[in-house]
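**Student:** predicted coordinates and the sequence they were generated for:
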Amino acid sequence: MKQSLSFLRPSLIRSQLATEIMGRRIIYFRTINSTNTYALELAGKGAPEGTVVIAEEQTYGKGRLGRQWHSPPGKGIYLSIVLRPQVKMQFLTHFSMLSALAVAETVEGLSPSPPDIKWPNDILLHHKKVAGVLVELGTENDLVSYLIVGIGINLLQKEEEFPPELRGKATSILIEEGEVVCREEVVVKLLQNFDHWYKVLLTSGATPILERWKDYSHHWIGKEIKVVTPGGEFYGISEGIGDDGRLLVRKGDGELKEVWAADIVSLREVRR
Ligand code: BT5
């Protein structure tokens with residue numbers, strides 16, 4: 001891939017996109033607090049499905065559970081997609097899994113080393129986080145009226161450009177592969193992968209997504225993990241994911257725990 005010139009060019013991205021839904025409309029910012037926050041506002045005002053908000057830099061990039069996403073100018077991809085699937089809340093995890101899958105495939109295209117998806121939706125290269133996904137939603141009754149999928153991918157950061165607390169835990173394509181990738185090409189590939197899996201989910205259901213997802217997750221399935229939930233933490237063996245996206249963990253006493261929302265840490269990391 002060629003080196004990025006400097007700023008992203010939304011018109012070039014649009015002209016190269018072969019998607020049906022994603023990127024119908026692209027809204028671009030040099031700097032913004034959070035593309036997810038902006039996309040949530042837009043969706044609340046009726047922005048169509050497939051609208052993409054993308055920025056060079058986020059001053060308050062959001063992670064899950066009030067955490068932050070480090071988003072320095074020109075170093076990564078920070079984008080949010082508006083979706084309007086007609087689904088019930090219980091199927092939400094499928095969208096989170098499809099997002100992680102689309103990102104993992106995109107990262108795989110940039111790296112000879114296969115990425116891992118760490119449940120629920122961290123994308124790792126060599127055990128370090130290279131990308132993350134944040135899904136937020138607006139609801140009406142029990143139906144999802146819109147979903148915002150926010151994706152952050154680290155592409156061009158050098159190790160010393162991460163804040164000290166992220167060094168050794170976060171990585172970028174440049175660090176892992178020594179390659180300066182073109183961010184526009186990565187955006188195009190990402191939106192195409194996303195478009196593909198979104199259509200698969202709507203037409204064929206979640207099974208193909210769950211199957212493909214497993215290809216990226218065998219590094220931690222069957223392994224001992226620590227599960228950190230808002231209510232406390234416990235250890236167990238990860239037995240994989242259920243059909244609805246729940247994490248299944250076998251505790252030492254034999255009990256099978258089903259986990260909806262948590263962070264997991266592999267024992268390798270626990271013992272570090
Ligand atoms: C995530 O949260 O991984 C979701 C990240 C989503 C970011 C995108 S960027 C576009 C869109 N707009 C937004 O405002 N957000 C989305 P979580 O699993 O909670 O992970 C957050 C944690 O990852 C932080 O607490 C840090 O430990 C770590 N972290 C922060 N920035 C990072 C980075 N650039 N690379 C790797 N790890 C990072």
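**Tutor:** Structure received.

**Student:** touching the ligand at all, the helix or strand hosting Val130?
**Tutor:** Val130 is part of strand 128-140 when elements are defined by DSSP states H and E. Yes: interface with the ligand: strand 128-140 contributes Lys129, Gly132, Val133, Leu134 (CB under 6 Å from any ligand atom). C-beta: built from backbone N, CA, C; applies to glycine.

**Student:** quick one: is the longest helix along the chain near the ligand?
**Tutor:** Assignment by DSSP state H gives helix 183-204 as the longest helix of the chain. No: Helix 183-204 is not in contact with the ligand by CB under 6 Å from any ligand atom; minimum separation 11.6 Å.

**Student:** which helices and strands does the helix or strand that that helix is followed by pack with?
**Tutor:** Next in sequence after helix 183-204, counting helices and strands by DSSP H and E, comes helix 207-215. Packing partners of helix 207-215 (3 or more CB pairs under 8 Å, 6 or more residues apart in numbering; DSSP states H and E): helix 92-108, helix 183-204, strand 232-241.

**Student:** show me the beta-bridge partners of the most centrally placed residue in the chain.
**Tutor:** Nearest to the mean C-alpha position of the chain, counting by CA atoms, centre = their mean, stands Val133 at 2.7 Å. Beta bridges link Val133 to Ile151 when assigned by DSSP bridges.

**Student:** check the gap between it and Phe29 for me.
**Tutor:** For Val133, the distance to Phe29 equals 20 Å [CB to CB, to the nearest Å].

**Student:** can you add mean neighbour count and mean pLDDT and give the helices and strands packed on helix 207-215 back as a markdown table?
**Tutor:** As requested, the helices and strands packed on helix 207-215 are exported to a markdown table (neighbours: other CB atoms under 10 Å; pLDDT from 0 to 100):
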| stretch | mean neighbour count | mean pLDDT |
| --- | --- | --- |
| helix 92-108 | 24 | 94 |
| helix 183-204 | 20 | 97 |
| strand 232-241 | 16 | 92 |
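
**Student:** up against the ligand, what does the stretch 1-150 of the chain have?
**Tutor:** Counting by CB under 6 Å from any ligand atom, the stretch 1-150 of the chain sits next to the ligand at 34-36, 58, 61-65, 67-70, 78-80, 122, 129, 132-134, 150.

**Student:** and the residue of this structure that's closest to the ligand?
**Tutor:** In the chain, the residue that lies nearest the ligand is Gly132 (2.1 Å; CB to the nearest ligand atom).

**Student:** quick one: the closest residue in space to that residue that isn't next to it in sequence and Arg212, what's the gap?
**Tutor:** For Gly132, ignoring the flanking residues on the chain, the nearest one in space by CB to CB, 6 or more residues apart in numbering is Gly152 at 5.3 Å. Computed as CB to CB, the Gly152 to Arg212 distance reads 21 Å.

**Student:** the two: who's more crowded?
**Tutor:** Between Gly152 and Arg212, counting by other CB atoms under 10 Å, Gly152 is the more crowded of the two (26 against 17).

**Student:** any idea whether Pro73 is helix, strand or coil?
**Tutor:** Classification of Pro73 by DSSP: H, G, I helix; E, B strand; the rest coil places it in coil.

**Student:** is it true that it touches Gln58?
**Tutor:** No: contact criterion CB atoms under 8 Å: Pro73 and Gln58 do not qualify, at 9.2 Å.

**Student:** thanks again, I'm all set now.
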